[in-house]
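K.L.:
Next comes the sequence, and after it the predicted model I'd like to discuss.
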Amino acid sequence: MKTLFRIFALLGMMMAAASAGITEGEIGGAKYMIAAPEKWQGKLVLIAHGYRNADSPLDAGFDTKDAFSTGMLERGWAIASTSYRRNGWIVEDAILDLRALSDHVAKEHGKIDRCLLVGSSMGGLIGTLIAEGALDHVDGVVAIGAYLGNESRDGANGSLSFKPTAPILYLTNETELNHPQNYRKQEGGAKTALWEVKRPGHCNVSDIERLNAMLAVNDWVDGKAIEKERDGTVAPPVRESTATKVDGGLSGKITVVSESWGNLTTDLVGKDLETLGLKLGDKAVVKNGEKSLAVSVVRYWSEAKEGEAAIYVTPKGWVGIVTNGGRAVDSLGVKAGDTVVLGKAE
């Protein structure tokens with residue numbers, strides 16, 4: 001029965017993603033992307049992305065088929081994202097770009113009856129400032145891995161008042177609790193919640209964890225009581241292997257390439273690491289033809305030394321390849337769809 005329920009739920013999410021209308025464009029030099037359900041109900045999610053290197057391409061895209069997007073779309077929410085007008089440390093202008101995007105949605109799609117914002121890293125700071133009143137008509141915020149410091153990283157951001165008027169739910173990994181804990185202490189806890197994700201990393205959360213936090217904030221705005229301190233962790237899905245056995249290990253495909261950071265996601269899964277006999281701390285190698293990258297098996301890429309590469313199972317259940325302080329994509333010379341081979345180091 002549970003299996004049947006999951007099948008129907010998955011079909012519902014797929015239908016929601018398939019029926020979403022996608023529009024893209026540019027406002028004041030900032031790119032935008034909007035996904036709206038066929039029958040929009042006046043509910044909007046704004047996405048505030050985190051810091052990106054200044055020389056990275058402007059990108060407003062997001063995955064309309066992941067569990068977060070489909071979960072919101074099937075509930076009648078539209079989702080809108082902006083690239084901001086530039087990359088780098090951009091807070092004040094980012095808020096202006098989010099305001100322009102919200103105004104555009106209202107003009108093109110109709111009156112916004114409720115607006116929630118989800119922001120990651122620097123976007124969590126932007127969301128916190130917006131909850132404090134920097135942007136009108138935002139009813140609640142989910143701040144993921146919120147960095148609440150300044151550009152020079154030598155203290156709290158001087159623009160914070162610690163007096164939010166809209167509720168903020170901080171969704172934070174176990175290794176980054178200090179910023180939201182300090183904010184909650186100074187704010188008093190009336191308008192803030194902290195859900196800890198019990199895995200290391202920065203913004204290392206799953207789509208389901210984001211969705212649960214967003215739905216909780218929506219309930220909070222409705223006047224319902226929510227748990228303000230809780231474990232927000234959802235275990236990664238146990239995925240079946242689709243890898244092929246080849247000389248030297250198992251082959252899989254590159255599915256996602258981060259243009260900003262050069263990180264890679266593959267269709268290899270946790271079971272593939274078990275098949276290869278790889279455990280935490282073990283050494284392995286990823287190959288693409290003549291190119292190879294020595295990696296360590298870690299819980300999260302930040303556990304690797306500066307300049308060294310690592311593999312780990314992401315919250316979505318896939319094997320990620322990351323170089324700490326570098327670009328794994330350049331080391332391997334791959335693009336999405338390319339085949340790589342993962343094997344034990346000799």
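P.N.:
That came through, no problem.
K.L.:
give me the beta-bridge partners of the closest residue to residue 294 other than its chain neighbours?
P.N.:
Across the structure, with C-beta to C-beta, 6 or more residues apart in numbering as the measure, the residue nearest residue 294 apart from its sequence neighbours is residue 285 (5.6 Å). For the C-beta atoms, the positions are set from N, CA and C on the backbone; glycine is no exception. Taking DSSP bridges, one obtains residue 294, residue 343 as the residues bridged to residue 285.
K.L.:
Specify the local secondary structure of residue 90.
P.N.:
Here residue 90 takes the coil state, with states given by DSSP: H, G, I helix; E, B strand; the rest coil.
K.L.:
do you know how far it is from residue 49?
P.N.:
10 Å (C-beta to C-beta, to the nearest Å).
K.L.:
same check, this time on residue 261
P.N.:
The spacing between residue 261 and residue 49, counted by C-beta to C-beta, is 12 Å.
K.L.:
which of those two has more neighbours?
P.N.:
Higher neighbour count among residue 261 and residue 49: residue 49, with 22 against 17, using other C-beta atoms under 10 Å.
K.L.:
Does that one touch residue 120 like I think?
P.N.:
Yes. With contacts counted by C-beta atoms under 8 Å, residue 49 reaches residue 120, the gap being 6.4 Å.
K.L.:
where along the protein do the helices fall?
P.N.:
Secondary structure of the chain (DSSP state H): helices at 2-19, 67-73, 92-109, 122-129, 178-187, 207-221, 270-275, 328-332.
K.L.:
just how off-centre is the shortest one within its chain?
P.N.:
The reference is to helix 328-332. For helix 328-332, the distance from its own C-alpha centre to the chain's C-alpha centre is 22 Å (C-alpha atoms, centre = their mean, to the nearest Å).
K.L.:
contacting residues around the residue nearest to residue 219 when sequence neighbours are not counted?
P.N.:
Leaving aside its sequence neighbours, residue 219 sits nearest to residue 226 (C-beta to C-beta, 6+ apart; 5.8 Å). By C-beta atoms under 8 Å, 6 or more residues apart in numbering, the contact list for residue 226 reads 169, 193, 216, 217, 219, 220.
K.L.:
List the residues that contact the last one.
P.N.:
With contacts taken as C-beta under 8 Å, 6+ apart, residue 220 has the following neighbours: 140, 167, 169, 193, 226.
K.L.:
Where neighbours are concerned, which of these has the most?
P.N.:
When neighbours are taken as other C-beta under 10 Å, the top entry among those is residue 169 (27 neighbours).
K.L.:
Quick check: that residue vs residue 327, distance?
P.N.:
33 Å.
K.L.:
Report the backbone C-alpha coordinates of stretch 315-330 in CSV.
P.N.:
Coordinates of the C-alpha atoms in stretch 315-330 are reproduced here as CSV (Å, rounded to 0.1, in the frame of the first residue of the first chain):
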residue,chain,number,x,y,z
PRO,A,315,21.3,14.4,0.4
LYS,A,316,19.6,13.3,-2.9
GLY,A,317,21.4,10.0,-2.8
TRP,A,318,23.8,10.6,-5.7
VAL,A,319,27.6,10.5,-5.6
GLY,A,320,29.1,14.0,-5.9
ILE,A,321,32.6,14.9,-7.0
VAL,A,322,34.1,18.1,-5.6
THR,A,323,37.6,19.6,-5.3
ASN,A,324,37.9,21.7,-2.1
GLY,A,325,39.0,25.1,-3.5
GLY,A,326,39.2,23.9,-7.1
ARG,A,327,37.1,22.8,-10.0
ALA,A,328,36.6,19.1,-10.4
VAL,A,329,35.0,19.7,-13.8
ASP,A,330,38.2,21.1,-15.2
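K.L.:
Check which residues of stretch 178-195 are buried.
P.N.:
Using 16 or more other C-beta atoms under 10 Å as the burial criterion, the residues of stretch 178-195 that qualify are 179, 180, 183, 184, 187, 191, 192, 193, 194, 195.
K.L.:
my guess is the fifth one meets residue 161, correct?
P.N.:
No. The pair residue 187 / residue 161 is not scored as a contact, 9.2 Å apart, by C-beta under 8 Å.
K.L.:
which residues touch residue 124?
P.N.:
48, 50, 143, 144, 145, 146, 147, 148, 170.
K.L.:
Which of these are buried? Put it as a PyMOL command.
P.N.:
The PyMOL selection below is limited to those of the contacts of residue 124 classed as buried (16+ other C-beta under 10 Å):
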select buried, resi 48+50+143+144+145+146+147+148+170
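K.L.:
Dump the contacts of residue 124 to CSV, plus pLDDT.
P.N.:
Rendered in CSV, the data for these read as follows (pLDDT from 0 to 100):
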residue, pLDDT
48, 98
50, 97
143, 98
144, 98
145, 98
146, 98
147, 97
148, 97
170, 98
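K.L.:
Among the contacts of residue 124, which one sits closest to residue 206?
P.N.:
residue 144 (10.8 Å; C-beta to C-beta).
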